[in-house]
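Peer 1: Structure, please.
(4 chains)
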There are 2 protein chains.
Amino acid sequence: MDAVTRRGDQAARAANSRLVHDFGLLIKAATRLEQRIDTALRQDCGIGHTMFEVLIRLCRQPGEEVSQRVLADDVTLTSSGITRLVDRMEEAGLVRRVPSPEDRRSVLVEPTDDGRAVFLRAVAVHARVVERYFVTPVARDDYARLTGSLHQIHQALRDGTD
Amino acid sequence: MDAVTRRGDQAARAANSRLVHDFGLLIKAATRLEQRIDTALRQDCGIGHTMFEVLIRLCRQPGEEVSQRVLADDVTLTSSGITRLVDRMEEAGLVRRVPSPEDRRSVLVEPTDDGRAVFLRAVAVHARVVERYFVTPVARDDYARLTGSLHQIHQALRDGTD
DNA sequence: GGTCAATTACTGACCAGTCAATTGCTGAGT
DNA sequence: ACTCAGCAATTGACTGGTCAGTAATTGACC
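Peer 2: Okay, the predicted model is just below:
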């Protein structure tokens, strides 16, 4: 058996490994779910999934304004990404930028009343899809463990630096 | 209490709902994990996460060639996305295109020996990150349930058409 | 056997994000 | 009080994807 064949078999073993398979499940489930929600939101509300995530953060407590930096961290975008996203959302009349009174580098963002209205419609669409493809398929008593595990992973990512 | 305030509270309730929070966990965990892997792979192997996923599929059984269509489905890309990705991978010497003998519309893709070598290095990097941020943080006896749930979600997405 | 709808890959135009560099501001150390 | 390292936001150049449209091929049906 020559070196190339041996490498092929080794690669096959790796490609079929448990770890690779399991992790693939996470990635595929998440991306496909996100896509479904994105297209549903676009159809019914005219916004995409990332704008929706921004609105979630902004609506969390009424009257609170959130800096772009915080927003970027929360939505998993770079600061330039957030700049451009907020540009589009401002353009669409969903949010307003207001200069931060206590730090003149910072820009605060708040939802417009229109933004909140869109959010309310969007959240219904979101709930429908999530209910159907995330909650329902999971066995009743596995759901808590699932979210618990995701929480742990989230923590690990937040803490781990390498 | 005026209409705007009422809407604000309603939005806040929605934004803090269990469903929104739980699903957010899935999305954030997945995207951050994918980013970690992507940067690790780029540093150590010069390929990104999507190329890696293609290689996984291509290496699964040695000698097998896979059509771009199948590849696109597997990696969750459109067919034009795959065309361009395979362009870059061919350019980089990781894969080879060969015309399908039984369907002249179709293009088959196979890894080069170089591609397999890169894959073997990449899979080690991948394993390190996945082990650390996906396996370890999850309680020993929750892991099986986690992957089981993900499998169910995956199924639901495959079957559901709306 | 000829027609036609469906399927595969590819392409141009575009979109949504990244990265690297820049500007303006802040706060800690001396 | 002054400097200076670091942070927030923005911008230009780029990357990696989408979408809509096209051409070639296929297979099912009459």
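
Peer 1: How is A:Arg96 assigned, secondary-structure-wise?
Peer 2: Following DSSP: H, G, I helix; E, B strand; the rest coil, A:Arg96 is assigned to strand.

Peer 1: which residues touch it?
Peer 2: A:Glu90, A:Val109, A:Glu110, A:Pro111, A:Thr112 (C-beta atoms under 8 Å, 6 or more residues apart in numbering or on different chains). C-betas here are computed from N, CA, C, even on glycine.

Peer 1: Please tabulate these in JSON lines, including the columns distance to A:Arg140 and pLDDT.
Peer 2: JSON lines is the format used below for the contacts of A:Arg96 (distance: C-beta to C-beta, whole Å; pLDDT from 0 to 100):
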{"residue": "A:Glu90", "distance to A:Arg140": "43", "pLDDT": "98"}
{"residue": "A:Val109", "distance to A:Arg140": "39", "pLDDT": "98"}
{"residue": "A:Glu110", "distance to A:Arg140": "39", "pLDDT": "98"}
{"residue": "A:Pro111", "distance to A:Arg140": "35", "pLDDT": "98"}
{"residue": "A:Thr112", "distance to A:Arg140": "40", "pLDDT": "97"}
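
Peer 1: Quick one: buried ones out of these?
Peer 2: In the contacts of A:Arg96, burial by neighbour count holds for A:Val109, A:Glu110, A:Pro111, A:Thr112, counting by 16 or more other C-beta atoms under 10 Å in any protein chain shown.

Peer 1: pretty sure the first one is touching A:Ser67, no?
Peer 2: Same thing as A:Val109. Yes: counting by C-beta atoms under 8 Å, A:Ser67 is a contact partner of A:Val109 at 7.4 Å.

Peer 1: mind listing the helices for chain A?
Peer 2: A:3-15, A:18-45, A:49-59, A:68-75, A:79-91, A:113-130, A:143-159 (DSSP state H).

Peer 1: which one of those is the most hemmed in?
Peer 2: helix A:49-59 (a mean of 23; mean count of other C-beta atoms under 10 Å in any protein chain shown).

Peer 1: tell me the angle of that one relative to helix B:18-45?
Peer 2: Going by axes from the mean of the first three to the mean of the last three C-alpha atoms, to 10 degrees, helix A:49-59 is angled at 130 degrees with respect to helix B:18-45.

Peer 1: ok, helix A:49-59 near DNA strand C or not?
Peer 2: Yes: with C-beta under 7 Å from any atom of the strand as the measure, helix A:49-59 is seen reaching DNA strand C through A:Thr50.

Peer 1: Contacts for that helix, please.
Peer 2: A:34, A:37-38, A:41, A:47, A:64, A:66, A:70-71, A:74-75, A:77, A:85-86, A:88-89, A:94-95, A:109-111, A:115-116, A:118-119, A:122, A:126, B:8, B:11-12, B:14-15, B:20, B:24, B:27.

Peer 1: switch to 6 Å and redo it
Peer 2: A:34, A:37-38, A:41, A:66, A:74-75, A:89, A:111, A:119, A:122, B:11-12, B:15 (C-beta atoms under 6 Å, 6 or more residues apart in numbering or on different chains).

Peer 1: same question, stretch A:148-162
Peer 2: So stretch A:148-162 is contacted by B:Leu25, B:Leu26, B:Ala29, B:Arg32, B:Tyr133, B:Pro137, B:Val138, B:Asp142, B:Leu146 (C-beta under 6 Å, 6+ apart).
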